[in-house]
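Q: Pasted the sequence and its predicted model underneath.
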Amino acid sequence: MKRFGGGEADPPAAKWDLKLYVAGQTAKSLQAFANLKRICEEHLAGEYRIEVIDLLKNPQLAKGDQILALPTLVRKLPEPVRKIIGDLSNTERVLVGLDLKARTSKAGS
Amino acid sequence: MRRHQFNTRKSENNCLPKCPTGIRGLDEITFGGLPRGRPTLVCGAAGCGKTLLGMEFLVRGAKEFDEPGVCLSFEETAEELAANVASLGFDVASLVAANKLAIDHVYLERSLIEEAGEYDLEALFVRLGHAVDSIGAKRVLLDSIEALFAGLENEAVLRSELRRLFRFLKERGLTAMVTGERGQNGLTRHGLEEYISDCVIVLDHRVTETVLTRRLRVVKYRGSTHGTNEYPFLIEDHGISVLPVTSVDLKHSASLDRVSTGVPALDEMLGGKGYFRGSSVLVSGTAGTGKTSLSAHFVDAACARGQRCVFFSFEESADQIVRNLRSIGIDLRRWVDKGLLQFHAARPTTFGLEMHLVKIHRIVSEFAPSIAVLDPVTGLLHAGTALETNSMLLRLIDSLKEKQITALMTTLTGSSEAAEQSHVDISSMVDAWLLLRDIESGGERNRGIYILKARGIAHSNQIREFLLTSRGVELRDVYLGEAGLLTGSARVTQEARDRSAALAARQEAESKHLVIEHKRKVLEAQIAALQLDLATAEQEARNLIAQDELSLRKQEQDRSEMARSRSASTGPPEAGAKSAKARGGRQ
């Protein structure tokens, strides 16, 4: 389990708590992490925390979050829990999935 | 992994290894169970029992074959599943606690999932693999994997992943059961049969005349023979029971042992020994001809020999039967108390024919009786059509024969005239057929019994009168005389008449005998008298002769004395003799 701090310091309870489930260092999982990191930096700088969970190492963790497809991004916080599956290459859909699209459009207007 | 490959290769060389499900009847239809190490598709409409079949497969595997199982449930939570199968007597919680069963509820809510880019279902494999490894599972249930089609947008990915999943199961050597909803065009809504082609089972349920019958059919079983028919199955409190409807082959062995009917005179009619063990006996007759009583005798005698009997009643309750039979001196209660006799009473219409059949099957398998009585089987006609009833009876008879259980069935016939005709169909199934009929004459109704057929037994062709007495059933020879067949009081009168006639004849003969004796005695007396007369006469005659001789000798003596005294000087005695001669010559 690796933790990636969003900002300089790792806040004890980040506003955005994200979990990325993967199975090993596959092309898709690396791609997904890179995409996620990029999107977070762009939209949630300093407000997020990403936890990468490798199911090959901790298979029992798949059950708790009802993980089926890989890679899966789970937004634990803010609630409600949302899930986004895929390598996160479709930024539009990731933003929609994270409820960022609506928010950014509101902020922009 | 290597070991599993080895297994697969081995299985290809030899005949297909099978995995017994433990589900009653299913293993018989599939000749041993599901293909081991391969997935089996179970499809059917909603509510036809797919999940229960799958759960029973897992539970029985864990309990009876020491093969732990994993259930990936896509529809119900573990708690829901456990509650559902608890009604079948399966304690899922304890199996889970004992690490013999693992249930993983896979939940997918499309509205909460955003698809952004490429993905696969690796996590499903991880979860399944983890569950399998954690308890060393040999069996897997995927129920129902089609839920994934509703949860995921990308069907192409899903299909390729499903293909991979079934390959994964095979590689791991897991015997899997995969359920799928019955589709409009194909066997399943999403064409799962495309991926699972080793064994496909279709479940179905139909309502005919308000009675629901569930059916199971093995559509396909690659590399193995299997029963191809639709087999009825039941979901009851002991799990699922599938009925191998028609016993495929007539292989039951025929016993030479005989079983007493419980009525000595009836045994006598059946070659002196009774029925064959393991044969099927039909007792038919009109209402109130004593069918149940005859059955009770059979049961009573068997219990007295220490054999177990089971009595299926479709008309009367157990208590009623026991009470009624007490009136003819048969106490069945004591056998019930001793555990030798079981009563099972149910109205024929309580449930469908198949349910009856399965119930009988189960009871017979569990209790292992020597004798089974079904009273009356005609009642079952109400639970199905005549055709269904007959096929069910045939199955029942077959299965009882296979177990060497002597079956006695009673049927109610309408009118006595058509008795032989009304059960033509049943008659060919049974080995012995006793017909009870009422004979009306002289203002009364009496019962007659005769043996219509008894395969392999030199049986009597006589009609006997059948009496229900306080000591049980008794058989009497009917009166066959000039007046025809007489029964009841007519027979009694005729017999009395016969007796008096016989008496008269005997008396007459006796008196004739006396006359002769008298005559003989008279004659003998006469003979004796005559003989006495004769003897007297003879004696008299002898006396006279003796007197004559005596007097003659006296005269002679006198003469010689006189001569001696007259002339001593006279000449020699010759002279005397001469003179005598001379005198004689003169005469």
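A: On my side now, so go ahead.
Q: if you average pLDDT over the helix ranked longest in chain A, what comes out?
A: Determined from DSSP state H, the single longest helix within chain A is helix A:27-43. Mean pLDDT, helix A:27-43: 90.
Q: Centre of the chain to that helix, how far?
A: 8 Å (C-alpha atoms, centre = their mean, to the nearest Å).
Q: Next, the angle helix A:27-43 makes with whichever helix or strand comes after it.
A: Downstream of helix A:27-43, the next assigned helix or strand under DSSP states H and E is strand A:48-54. With axes from the mean of the first three to the mean of the last three C-alpha atoms, to 10 degrees defining the directions, strand A:48-54 sits at 170 degrees from helix A:27-43.
Q: Tell me where the model's unsure across the chain.
A: Defaulting to chain A. A:1-13, A:102-109 (pLDDT under 70).
Q: think we crossed wires, I meant chain B
A: B:1-14, B:209-211, B:244-251, B:382-384, B:414-425, B:480-485, B:568-587.
Q: That one against chain A: which residues are in contact?
A: B:104, B:106-108, B:112-124, B:126-127, B:129-130, B:148, B:151-152 (C-beta under 8 Å from any C-beta of the partner chain). Backbone N, C-alpha and C define where each C-beta goes, glycine included.
Q: before we move on, back to that, and the longest helix of chain A, C-alpha only, in CSV?
A: Extracted C-alpha coordinates of helix A:27-43, given in CSV (Å, rounded to 0.1, in the frame of the first residue of the first chain):
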residue,chain,number,x,y,z
ALA,A,27,0.3,-0.9,-18.2
LYS,A,28,-3.2,-0.1,-17.3
SER,A,29,-2.5,0.5,-13.7
LEU,A,30,0.5,2.7,-14.3
GLN,A,31,-1.5,4.6,-16.9
ALA,A,32,-4.4,5.0,-14.4
PHE,A,33,-2.1,6.3,-11.7
ALA,A,34,-0.4,8.8,-14.0
ASN,A,35,-3.8,10.0,-15.3
LEU,A,36,-5.2,10.3,-11.7
LYS,A,37,-2.1,12.2,-10.5
ARG,A,38,-2.4,14.6,-13.4
ILE,A,39,-6.1,15.3,-12.9
CYS,A,40,-5.7,15.7,-9.2
GLU,A,41,-2.9,18.2,-9.6
GLU,A,42,-4.9,20.1,-12.1
HIS,A,43,-8.1,20.3,-10.1
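Q: Show me the contact partners of that helix.
A: Applying C-beta atoms under 8 Å, 6 or more residues apart in numbering or on different chains, the contact partners of helix A:27-43 are A:4, A:6, A:16, A:18, A:20, A:22-23, A:48, A:50, A:52, A:70-71, A:73, A:86-89, A:91, A:94-95, A:98, A:100, A:104, B:117-120.
Q: Run through the strands of chain A in chain order.
A: A:2-5, A:16-22, A:48-54, A:72-77, A:82-85 (DSSP state E).
Q: I meant the stretch 301-450 of chain B, not that one.
A: Assigned by DSSP state E, counting those that start in this stretch, the strands in the stretch 301-450 of chain B fall at B:309-313, B:341-345, B:371-375, B:406-412, B:432-441, B:444-454.
Q: Make TSV out of those strands and add distance to B:Gly191.
A: Converted to TSV, those look like this (distance: least, C-beta to C-beta, whole Å):
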stretch	distance to B:Gly191
strand B:309-313	46
strand B:341-345	45
strand B:371-375	46
strand B:406-412	47
strand B:432-441	54
strand B:444-454	55
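Q: Out of the strands of chain A, the one nearest chain B is which?
A: Taking C-beta to the nearest C-beta, strand A:82-85 is the member of the strands of chain A nearest to chain B, at 4.4 Å.
Q: Output the contacting helices and strands for that closest one.
A: strand A:72-77, helix A:91-97, strand B:113-115 (3 or more C-beta pairs under 8 Å, 6 or more residues apart in numbering or on different chains; DSSP states H and E).
Q: To B:Leu381, which of these lies closest?
A: With C-beta to C-beta as the measure, strand B:113-115 is the member of the helices and strands packed on strand A:82-85 nearest B:Leu381 (56.7 Å).
Q: quick one, the longest helix of chain A and strand A:16-22 angle?
A: Using the same axes, to 10 degrees: helix A:27-43 against strand A:16-22 is 170 degrees.
Q: Now do the buried residues in helix A:27-43.
A: A:28-29, A:31-33, A:35-37, A:39-40, A:43 (16 or more other C-beta atoms under 10 Å in any protein chain shown).
Q: cool, and stretch B:206-226?
A: For stretch B:206-226, using 16+ other C-beta under 10 Å, the buried residues are B:211, B:213-218, B:220-221, B:224, B:226.
Q: Could you dump those into a markdown table with distance to B:Pro68 and secondary structure added?
A: Listed next are the buried residues of stretch B:206-226 as a markdown table, based on distance: C-beta to C-beta, whole Å; DSSP: H, G, I helix; E, B strand; the rest coil:
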| residue | distance to B:Pro68 | secondary structure |
| --- | --- | --- |
| B:Val211 | 38 | strand |
| B:Thr213 | 34 | strand |
| B:Arg214 | 28 | strand |
| B:Arg215 | 30 | strand |
| B:Leu216 | 25 | strand |
| B:Arg217 | 29 | strand |
| B:Val218 | 25 | strand |
| B:Lys220 | 28 | strand |
| B:Tyr221 | 25 | strand |
| B:Ser224 | 25 | coil |
| B:His226 | 26 | coil |
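Q: Determine which two of the residues you listed are furthest apart.
A: B:Val211 and B:Ser224 (32.6 Å).
Q: rewinding a little: which one of the helices and strands packed on strand A:82-85 lies nearest to B:Gly69?
A: Once the helices and strands packed on strand A:82-85 are compared by C-beta to C-beta, strand A:72-77 is nearest, at 26.9 Å.
Q: which helices and strands does the closest one pack with?
A: Using 3+ C-beta pairs under 8 Å, 6+ apart: strand A:72-77 touches strand A:16-22, strand A:82-85, helix A:91-97.
Q: Could you pick out which of the residues of chain B next to chain A are located in strands?
A: B:104, B:113-115.
Q: most neighbours, which of those?
A: B:Glu114 (23 neighbours; other C-beta atoms under 10 Å in any protein chain shown).
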